[in-house]
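Student: sequence and computational prediction follow.
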Amino acid sequence: EQLDRDLKESSAILDPKRQSKLQTQLISHVFTTYFRVLKRFSTSSALPTVLKGIAKFSNLINIELVLDLLQCLKQLIKAS
């Protein structure tokens, strides 16, 4: 009986509003991590991966984050 419930839960389709909210939260957490690497660990070996991720997913963030991102990138360029 528990197995049946678990199978039903795992195969359930998320309601679109909930799915959108979860995706927004995920993108927010990912970009928070990207910003931390850019601001604090700009010499990290993770920087190329972060820059690739930013290039791939930047179209999913709002304009305020894009402006903050551009500011971080400008500072990174000046520092190097």
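Tutor: Yes, it's here.

Student: quick one: list the elements packing against whichever helix or strand residue 29 is part of.
Tutor: Assigned by DSSP states H and E, residue 29 belongs to helix 16-40. Packing contacts for helix 16-40, counted by 3 or more CB pairs under 8 Å, 6 or more residues apart in numbering; DSSP states H and E, involve helix 47-57, helix 63-79. Heads up, the C-betas are built off the backbone N, CA and C, glycines and all.

Student: got the angle for it vs helix 47-57?
Tutor: Interaxial angle, helix 16-40 versus helix 47-57 (axes from the mean of the first three to the mean of the last three CA atoms, to 10 degrees): 150 degrees.

Student: give me the mean pLDDT for helix 16-40.
Tutor: Average pLDDT, helix 16-40: 87.

Student: go through it and flag the buried ones.
Tutor: Across helix 16-40, burial judged by 16 or more other CB atoms under 10 Å covers 30, 31, 34, 35, 37, 38.

Student: which one of the helices and strands packed on helix 16-40 has the lowest average pLDDT?
Tutor: helix 63-79 (a mean of 85).

Student: show me what counts as buried in that helix.
Tutor: Applying a neighbour-count criterion of 16+ other CB under 10 Å, one finds 65, 69, 72 buried in helix 63-79.

Student: cool, and stretch 51-61?
Tutor: In terms of neighbour count (16+ other CB under 10 Å), stretch 51-61 has its buried residues at 53, 54, 61.

Student: look up how far residue 77 lies from the last one.
Tutor: Pointing back at residue 61 there. According to CB to CB, to the nearest Å, residue 61 and residue 77 sit 20 Å apart.

Student: so who does residue 63 touch?
Tutor: Under the criterion of CB atoms under 8 Å, 6 or more residues apart in numbering, residue 63 has no contact partners.
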